[in-house]
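# Here you go, sequence then predicted model.
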Amino acid sequence: IIIEQELRQAIKNNEFELYLQPIIDIKTNCINKAEALIRWNHPVKGLINPDDFIPVAERSGLIIAIGEWVISRSCQIAKEISELGFNIKISMNLSPSQVADDSLFSYLSACIYDNEINPCLLELEVTEDVLVDDYSVAEKLLSKARTIGMSVSVDDFGTGYSSLSYLKKLPLDYLKIDRTFIKEIVADDNDKAIVRAVIAMAHNLNLCVTAEGVETQEQLSFLVDNACNSVQGYMFSRPINVDYFIKLLNEQS
Ligand code: G
Ligand code: G
Ligand code: MN
Ligand code: NA
């Protein structure tokens, strides 16, 4: 069990690392984005996944400090990759309390300025629940982010307990269809119907669609045939470290 005290030490000792999972544009078949996913290199316990410490971070409030580290590191990575000549967006996950944090946008702006990066290289991922529970707070942050050129995606789309009304009110760019809908898409006609409908709805709302958890060629074919815009999943790559991600970029160019 991870306790708050260990997490404080981890922040102080800089024990976190950002992994990147490639996102592939279906039209070009090239990587055009990466989702930043945090890992904890624990000195004794080894590599710890976010599911085992993000909930503790959220309960203790440490998510603000960890989230700032993620933002700062993502900006460094965006700079490094763009200086190598690649046009790759870095997409960051935001917890509900980060979205509610009044200082988040100024922190983000400062990191963008310090690293001299184009804000269009950054994307924010928020879940449906955040958009609905804290509508006006989310609206404030997301519209500011989009005004400076960042993009915004709805993560785990389809799994929240929310109505769709936020889709017509909020400034958004992408829906990320949760991997639970993709998992059985080849065999399950209901999943096929849901994914087709989500893609059609998104396109009518001028949103792009990313499918998460794509693991097989059959799943990919269905998504290609149904005009999905981009895909992410173990079929292409697991989340990997930055050096390895850059190696992949060099191989595809
Ligand atoms: O990378 P992995 O599949 O283990 O991630 C598990 C969960 O942790 C996912 O829901 C993901 O959104 C979340 N997560 C990963 N990195 C971050 C992060 O930097 N900040 C927040 N808030 N959540 C993250
Ligand atoms: O909730 P969010 O979408 O941010 O979570 C991303 C998580 O999904 C990461 O922990 C990542 O490791 C995991 N993931 C990414 N691709 C796949 C996949 O193809 N299959 C499965 N089972 N998990 C995946
Ligand atoms: Mn995500
Ligand atoms: Na997801």
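Nice, thanks for sending it over. Ligands and ions are numbered 1, 2, ... in the order given.

# For the rest of this, base every contact and every neighbour count on C-alpha atoms.
OK.

# and the longest helix belonging to the chain, what does it pack onto?
Selection of the longest helix in the chain by residue count, based on DSSP state H, yields helix 63-83. With contacts defined as 3 or more CA pairs under 8 Å, 6 or more residues apart in numbering; DSSP states H and E, the packing partners of helix 63-83 are strand 16-25, helix 54-60, strand 89-93, helix 96-99, helix 104-115.

# ok, and does the fourth one reach over to ligand 1?
The one in question is helix 96-99. No - applying CA under 6 Å from any ligand atom, one finds helix 96-99 separated from ligand 1 by no less than 7.9 Å.

# CA-only coordinates of that helix, as CSV, when you get a sec.
Taking C-alpha atoms only, helix 96-99 is exported to CSV below (Å, rounded to 0.1, in the frame of the first residue of the first chain):
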residue,chain,number,x,y,z
PRO,A,96,-10.7,16.6,-11.4
SER,A,97,-8.9,18.6,-8.7
GLN,A,98,-6.4,19.9,-11.2
VAL,A,99,-9.2,21.2,-13.4
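
# just how off-centre is it within its chain?
Centroid separation between helix 96-99 and its chain, computed with CA atoms, centre = their mean, to the nearest Å, is 14 Å.

# Tell me which of the helices and strands packed on helix 63-83 is the most buried.
Among the helices and strands packed on helix 63-83, judged by mean count of other CA atoms under 10 Å, the one packed with the most neighbours on average is strand 89-93 (a mean of 24).

# C-terminal to the longest strand anywhere in the chain, what's the next element?
Determined from DSSP state E, the single longest strand within the chain is strand 30-42. On the C-terminal side of strand 30-42, the closest following helix or strand by DSSP states H and E is strand 46-48.

# in terms of contact, does E218 touch K183 like I think?
No - taking CA atoms under 8 Å as the contact criterion, E218 and K183 are not neighbours in contact, 10.9 Å apart.

# For the two, indicate the residue with more neighbours.
Residue environment comparison for E218 versus K183 gives the larger neighbour count to K183, 17 against 12, counting by other CA atoms under 10 Å.

# Grab the nearest non-local neighbour of the more buried one.
Once flanking residues are discounted, K183 sits nearest to G213: 7.0 Å by CA to CA, 6 or more residues apart in numbering.

# does Q98 really touch E68, like I thought?
No - in this structure, Q98 is not within contact of E68 by CA under 8 Å, at 9.0 Å.

# Residues in contact with both of the two, list them for me.
Common neighbours of Q98 and E68 (criterion: CA atoms under 8 Å, 6 or more residues apart in numbering): L104.

# For stretch 231-244, list the C-alpha coordinates in PDB.
Taking only C-alpha atoms (Å, rounded to 0.1, in the frame of the first residue of the first chain), the coordinates of stretch 231-244 have been written out as PDB:
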ATOM      1  CA  VAL A 231      -6.000   4.900 -32.800                       C
ATOM      2  CA  GLN A 232      -4.000   4.100 -29.800                       C
ATOM      3  CA  GLY A 233      -3.200   0.700 -28.300                       C
ATOM      4  CA  TYR A 234      -0.900  -2.200 -27.800                       C
ATOM      5  CA  MET A 235      -1.200  -3.100 -31.500                       C
ATOM      6  CA  PHE A 236       1.000  -0.200 -32.200                       C
ATOM      7  CA  SER A 237       2.900   0.300 -28.900                       C
ATOM      8  CA  ARG A 238       2.600   0.100 -25.200                       C
ATOM      9  CA  PRO A 239       3.500   3.200 -23.300                       C
ATOM     10  CA  ILE A 240       7.300   3.600 -23.700                       C
ATOM     11  CA  ASN A 241      10.000   5.900 -22.400                       C
ATOM     12  CA  VAL A 242      10.900   9.100 -24.300                       C
ATOM     13  CA  ASP A 243      14.100   7.700 -25.800                       C
ATOM     14  CA  TYR A 244      12.300   4.700 -27.200                       C
END
